[in-house]
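Q: okay, here's the prediction I keep looking at, along with the sequence it came from:
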Amino acid sequence: MRGVPVLAGVPGQDAATAFLARAAARPGHAYLFAGPEGSGKKLAGAAFAAALLCDRGGCGECRDCRLALEDRHPNLAVLEPEGRDIRVGEGSDDYGTARWLVARAHRTAPEPRRKVFRIEQADRLTEEAADVLLKVVEEPPPDTVFLLMSARPHELTETIRSRCQTVAFHPLAEAFVVETLTAEDVSEGRAMLASRLAGGNVGRARRIARDPEGLGFRDEALAALREVGGDARGALAAAQRLAEAAADYRKGMGRFLDQELEPLLDQDTGDVAEQFRALARRIGERHQRRERRAEREFLDWSLLALEAWYRDALLVATGGDPSWVINLDLDWSADGVSPARAAAAIEALEEARAALADETNLNAKLVVERAFLRIAS
Ligand SMILES: [Zn+2]
């Protein structure tokens, strides 16, 4: 992107990035990034924040850019749902709520520059939270920019939408995801597999392709499926296995927090050194957000992997074109699942994924059990 190198790192959304490159020079107060999951909104949001916080307008290399791209810039705050909603909150100290965000918007920025506020899944704002936010977007404190992100922009209230400039993101095609990953030195076979397993979500595809353990969730899911067998006991054991794998995945993320905090520790006491307290708190908050999502994410990937496996089985069983298989690396010559069984399993898995996406559904393991019981029957 001419003039804004950091936006050049956002693939496949030329119209959106061209718009943002122009906007970065003279930003408005509020933008709505609208488009499906995996279309690059997050990457574009981080890059745009970098462009707004960098002295050189988004060089992609300086400290401001680096921190903004990693979601760690002191002048950047992120609001996102806890559980199902983004709550209005009790007051300015109620972390992660609309009132907390608004208080930060009115306060002086930690560093002498703009403040950027990003609101993830903005369609999840409760009505009260949306009202509180609307006020600050209508009369924004100087030098604040709000970025609202949403895959369901029509669920935002009209009053908020009308206050934002909309930046539209379209879904990315498989060829594009594969091309992006192969340009990052991923082999074509793995890029294709990752793209299909990720349902075209480029961020997820990248993680699957580049992490040596990126396919771990599929291996776990297929191992669990073998345990299902044909009875209820097998189904429950399989759900238990998958729930444990998801819990391990979440625990594994704690390791990253320790690694990141390590350099901030006082050599003598082992506690976080005084001058790093604020930074450590921000790092901790970011990890908390990630961990909250981790188990559900793992389960969702696993169910999606099983769905993909059954789709392949269905394709093979009905004599479809083998090049359409998602799990290109598995041996399909011996498996014999009847088309009716495969179709029923896909339906059970789709319903389970929808149930997991609804975060009022508190017992994720129960959702998986139900799906496996249906597959076993
Ligand atoms: Zn920079």
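A: Everything's here; your move.
Q: could you give the number of residues near A23?
A: Per other C-beta atoms under 10 Å, the neighbour tally for A23 reads 18. Where you see a C-beta, it was placed from the backbone N, CA and C, and this is true even at glycine.
Q: you'd agree it is in a helix?
A: Yes: counting by DSSP: H, G, I helix; E, B strand; the rest coil, A23 is part of a helix.
Q: quick one, what contacts it?
A: Contacts for A23 (C-beta atoms under 8 Å, 6 or more residues apart in numbering) come out as Y31, F48, Q165.
Q: mind running it again at 6 Å?
A: By C-beta atoms under 6 Å, 6 or more residues apart in numbering, the contact set of A23 is empty.
Q: mind jotting down where the helices sit in the stretch 251-377 of the chain?
A: If DSSP state H, counting those that start in this stretch is used as the criterion, the helices of the stretch 251-377 of the chain fall at 277-317, 339-357, 364-376.
Q: what's the domain layout of the chain?
A: For the chain, automatic domain parsing gives the domain ranges 5-168, 174-210, 216-376.
Q: how far off helix 339-357 does the lowest-mean-pLDDT helix or strand in the chain point, in degrees?
A: The weakest-scoring helix or strand in the chain, judged by mean pLDDT, DSSP states H and E, is helix 277-317 (a mean of 84). Counting by axes from the mean of the first three to the mean of the last three C-alpha atoms, to 10 degrees, helix 277-317 lies at 160 degrees to helix 339-357.
Q: distance of the residue of the chain positioned farthest from its centre from the ion?
A: Farthest-out residue of the chain from its mean C-alpha position, per C-alpha atoms, centre = their mean: D268, at 37.8 Å. Here D268 is placed at a distance of 36 Å from the ion (C-beta to the ion, to the nearest Å).
Q: got it, and R226?
A: Distance from R226 to the ion, by C-beta to the ion: 50 Å.
Q: save the helices of the stretch 251-377 of the chain as a markdown table, and put in mean neighbour count and distance to D93 too.
A: Shown next, in a markdown table, are those (neighbours: other C-beta atoms under 10 Å; distance: least, C-beta to C-beta, whole Å):
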| stretch | mean neighbour count | distance to D93 |
| --- | --- | --- |
| helix 277-317 | 19 | 13 |
| helix 339-357 | 17 | 31 |
| helix 364-376 | 21 | 30 |
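Q: of all those, which lies closest to A18?
A: Checking the helices of the stretch 251-377 of the chain against A18 by C-beta to C-beta gives helix 277-317 as the closest, at 29.9 Å.
Q: which residues touch V136?
A: Each residue near V136 by C-beta under 6 Å, 6+ apart is listed here: V102, A105.
Q: does it sit in a helix, a strand or a coil?
A: Classification of V136 using three-state DSSP returns helix.
Q: and the contacts of stretch 192-211?
A: With C-beta under 6 Å, 6+ apart as the test, stretch 192-211 has contacts from 37-38, 172, 174, 177-178, 181, 186, 190-191, 214, 308, 326, 328.
Q: got the residues of the stretch 51-200 of the chain near the ion?
A: For the stretch 51-200 of the chain, the contact set with the ion under C-beta under 5 Å from the ion comprises C54, C59, C62, C65.
Q: got a list of what the residue farthest from the centre of the chain touches?
A: Per C-beta under 6 Å, 6+ apart, neighbours of D268: none.
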